[in-house]
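**Student:** Predicted structure and sequence below. I'll ask about it afterward.
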Amino acid sequence: MNHHTQPLTLHPTDPGYEDELAGFQTGFTQRPAVIHGARSAADVIAAVRYAAAKGLPVGVQATGHGLPGGSEGGVLITTRRMDGVRVDPEARTVRVQAGVRWAQVVAAAEPHGLAPLNGSAPGVGAVSYTLGGGLGILAREFGYAADHVRRLDLVTADGQLRRVTRESEPELYWALLGAGHVLGVVTELEIDLVPVRTLYGGSLAFDGREVDPTALLRAYEEWTRTVPDELTSSFAAVPYPDIPALPPHLRGRYVLSVRVACTGSRAEGEQLVAPLREFGPVLADSLREMPYSESHTIHSDPPEPHAYYGDSAVVSELDVARVGEVLSLAGPDADGMCVVQVNHLGGALARPAPNSVPYREGRFLVRLLAVGEREAVRERLDPAFALLAPYTLGRTVNFAFGAGDRTEGLYDPKTRKRLAEIKSSYDPANLFRR
């Protein structure tokens with residue numbers, strides 16, 4: 001039986017059930033009572049109506065980078081087959097269906113000299129990323145991806161397909177962009193593209209055993225005070241295990257890196273990063289002018305599915321001494337691999353927008369990502385986030401990896417109250433859960 005004729009409704013005992021569930025995150029499993037593999041908005045409507053009639057919770061999965069908690073024992077709608085991308089070069093917009101990955105959008109926009117506001121990993125689903133805010137590689141210049149959404153096509157709990165714009169349904173539009181995962185199933189987005197063909201970017205890496213991690217972080221924090229909004233960057237500390245699966249130059253190394261994306265010219269970029277190059281001996285330097293289609297090489301996120309857990313803190317200030325202690329807790333001597341990433345915020349990210357993406361006043365986002373059993377990881381991460389607590393404004397929904405069951409701090413109290421009112425209006429039976 002070929003792929004196009006086999007039934008797209010799968011139960012736990014059916015062949016193909018496990019394959020349909022498989023995603024990028026392998027660290028925890030979900031066992032929905034039924035999976036609906038959607039090819040169209042009509043399929044999504046049918047699945048939502050089925051779930052509502054049975055009183056079952058609904059989860060949605062595109063790429064499985066973030067797994068939905070709501071589908072356990074309920075209905076999981078997989079959207080990977082809904083992969084249509086349509087660019088309108090005149091309007092500088094693109095329409096993306098629910099299962100589209102960012103790599104497809106980058107490829108479709110590039111011939112027109114345009115780019116989407118995607119993140120660092122090309123395999124991430126464009127819709128779920130945008131609904132969670134979308135902190136991209138050009139974020140300081142253009143803001144969150146959510147700030148550039150023209151229209152959302154949404155199936156709500158009543159099984160209706162709605163076309164949502166800022167003008168047509170301002171409250172629903174506001175709530176979807178920041179918290180869309182609990183309000184329905186978005187089947188398509190229309191989003192702005194930006195006129196970016198090339199950028200100056202890459203990574204500057206140092207050996208964390210040769211240079212002082214806290215001193216480098218301090219230099220990075222001071223450097224971020226001098227850069228224009230056209231430059232977006234992050235600092236990362238990665239203690240690589242000594243295993244054969246890694247390339248020889250990374251095995252057992254503690255790598256500190258600064259990742260940069262700048263829409264200025266090569267000359268401007270070189271001038272801006274010059275102070276970082278002076279910090280000490282460089283382990284690797286991939287900074288260059290590149291076509292936007294190569295922007296995924298800046299972070300070189302691992303493409304293979306794996307288990308990971310993590311959380312984040314949006315901070316009002318980067319207390320270098322405290323984050324230095326976090327680096328020590330998560331460093332090469334830690335009980336298990338832990339990656340620390342610090343994203344520089346501000347610029348266009350601080351501008352108000354008609355959506356529910358919170359904590360725009362934050363200056364940095366501190367992310368911790370660990371490998372291991374969930375409870376053991378939480379025991380390692382909790383002391384680190386406790387160190388950051390005096391400066392923490394809240395957490396970011398897109399970076400609550402496996403910690404999404406904890407909802408406190410994802411939104412400020414005012415935003416949370418308004419979201420709850422909209423949720424009770426559009427999904428009173430709580431069909432869509434975190």
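**Tutor:** Noted; the coordinates are in hand.

**Student:** any chance you could read off phi and psi for C262?
**Tutor:** Note on C262: backbone dihedrals following degrees, to the nearest 10 are phi -140, psi 130.

**Student:** what do you get for the one 4 residues further on?
**Tutor:** Its backbone dihedrals place R266 at phi -60, psi -40, with angles given as degrees, to the nearest 10.

**Student:** Looking at the closest residue to it other than its chain neighbours now. What's its pLDDT?
**Tutor:** In space, and not counting its chain neighbours, R266 is closest to E289: 4.2 Å by CB to CB, 6 or more residues apart in numbering. From N, CA and C alone the C-beta is placed, and that goes for glycine too. pLDDT recorded at E289 is 97.

**Student:** Isn't E289 up against A267?
**Tutor:** No - the criterion here is CB atoms under 8 Å, and E289 misses it with A267 at 9.5 Å.

**Student:** quick one, which of the two is more surrounded?
**Tutor:** The residue with more neighbours, out of E289 and A267, is E289; 17 against 10, by other CB atoms under 10 Å.

**Student:** what about that one, is that helix, strand or coil?
**Tutor:** Secondary structure for E289, judged by DSSP: H, G, I helix; E, B strand; the rest coil, is strand.

**Student:** partners of it in the sheet?
**Tutor:** In this entry, E289 is beta-bridged to Y200, by DSSP bridges.

**Student:** residues in contact with L176?
**Tutor:** L176 is in contact with 131, 152, 154, 164, 183-184, 186, 355, counting by CB atoms under 8 Å, 6 or more residues apart in numbering.

**Student:** Apply 7 Å and report the result again.
**Tutor:** By CB atoms under 7 Å, 6 or more residues apart in numbering, the contact set of L176 is 131, 152, 154, 164, 183.

**Student:** Please flag which of the residues you listed sit within helices.
**Tutor:** Applying DSSP state H to these, the entries found in helices are L131.

**Student:** okay if I get the contacts of L176 as TSV plus neighbour count, distance to L256 and pLDDT?
**Tutor:** Putting those into TSV (neighbours: other CB atoms under 10 Å; distance: CB to CB, whole Å; pLDDT from 0 to 100) gives the following:
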residue	neighbour count	distance to L256	pLDDT
L131	28	32	94
L152	26	39	98
L154	25	42	97
V164	25	43	98
L183	24	40	94
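
**Student:** and which of the contacts of L176 is nearest P111?
**Tutor:** Taking CB to CB as the measure, P111 sits nearest to L152 out of the contacts of L176, at 25.8 Å.

**Student:** Spatially nearest residue to the closest one, not counting backbone neighbours?
**Tutor:** V164 (4.5 Å).

**Student:** Touching, the one you found and A175? I think so.
**Tutor:** No - using CB atoms under 7 Å, V164 is not in contact with A175, being 9.7 Å away.

**Student:** per-residue confidence at L246?
**Tutor:** 77.

**Student:** Where do the helices of the protein begin and end?
**Tutor:** 17-21, 41-54, 102-109, 126-131, 139-142, 170-179, 213-224, 266-277, 320-330, 374-388, 413-426.

**Student:** what's the most buried one of the ones you listed?
**Tutor:** Ranked by mean neighbour count under mean count of other CB atoms under 10 Å, the helices of the chain are led by helix 126-131, which reaches a mean of 28.

**Student:** So which residues make contact with that helix?
**Tutor:** Under CB under 7 Å, 6+ apart, the answer for helix 126-131 is 62, 66, 96, 98, 100-102, 105, 119, 145-146, 149, 176-177, 180-181, 186, 189, 191, 398.

**Student:** which ones among those are found in strands?
**Tutor:** Of those, the ones assigned to strands by DSSP state E are 96, 149, 186, 189, 191.

**Student:** Turn those residues into JSON lines, including pLDDT.
**Tutor:** Formatted as JSON lines, the ones in strands among the contacts of helix 126-131 follow (pLDDT from 0 to 100):
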{"residue": "V96", "pLDDT": "97"}
{"residue": "V149", "pLDDT": "98"}
{"residue": "V186", "pLDDT": "95"}
{"residue": "L189", "pLDDT": "97"}
{"residue": "I191", "pLDDT": "98"}
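
**Student:** of all those residues, which two lie farthest apart?
**Tutor:** Maximum pairwise distance in the ones in strands among the contacts of helix 126-131, criterion CB to CB, is 11.5 Å, between V186 and I191.

**Student:** and V397, what pLDDT?
**Tutor:** pLDDT at V397 comes out at 85.

**Student:** To clarify, my last question referred to L368.
**Tutor:** 94.

**Student:** N343 versus that one, what's the distance?
**Tutor:** Distance of L368 to N343, computed by CB to CB, to the nearest Å: 12 Å.

**Student:** again with S356
**Tutor:** The gap separating S356 from N343 is 20 Å, by CB to CB.

**Student:** returning to what we had before: residue contacts, the residue nearest to R266?
**Tutor:** E289 makes contact with 198, 200, 266 under the criterion CB under 7 Å, 6+ apart.

**Student:** let's go with 8 Å and repeat that
**Tutor:** For E289, the contacting residues are 198-200, 265-266, 269, by CB under 8 Å, 6+ apart.

**Student:** Redo these as JSON lines? Include pLDDT and distance to S293.
**Tutor:** Listed next are the contacts of E289 as JSON lines, based on pLDDT from 0 to 100; distance: CB to CB, whole Å:
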{"residue": "T198", "pLDDT": "96", "distance to S293": "10"}
{"residue": "L199", "pLDDT": "96", "distance to S293": "11"}
{"residue": "Y200", "pLDDT": "97", "distance to S293": "15"}
{"residue": "S265", "pLDDT": "93", "distance to S293": "18"}
{"residue": "R266", "pLDDT": "95", "distance to S293": "17"}
{"residue": "G269", "pLDDT": "96", "distance to S293": "18"}
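
**Student:** ok, how many other residues are close to the nearest residue to R406 once chain neighbours are set aside?
**Tutor:** Using CB to CB, 6+ apart and skipping the chain neighbours, the partner closest in space to R406 is A400 (7.3 Å). Residues lying near A400 (other CB under 10 Å) number 21.

**Student:** on that earlier part again, quick check, nearest of the contacts of E289 to G159?
**Tutor:** Distances from G159 to the contacts of E289, taken as CB to CB, are shortest for L199 (43.2 Å).

**Student:** The closest one against V260, yeah?
**Tutor:** No - contact criterion CB under 8 Å: L199 and V260 do not qualify, at 9.2 Å.

**Student:** Among those two, which residue is more densely surrounded?
**Tutor:** Neighbour tally, L199 and V260, criterion other CB under 10 Å: the higher count belongs to L199, 28 against 25.
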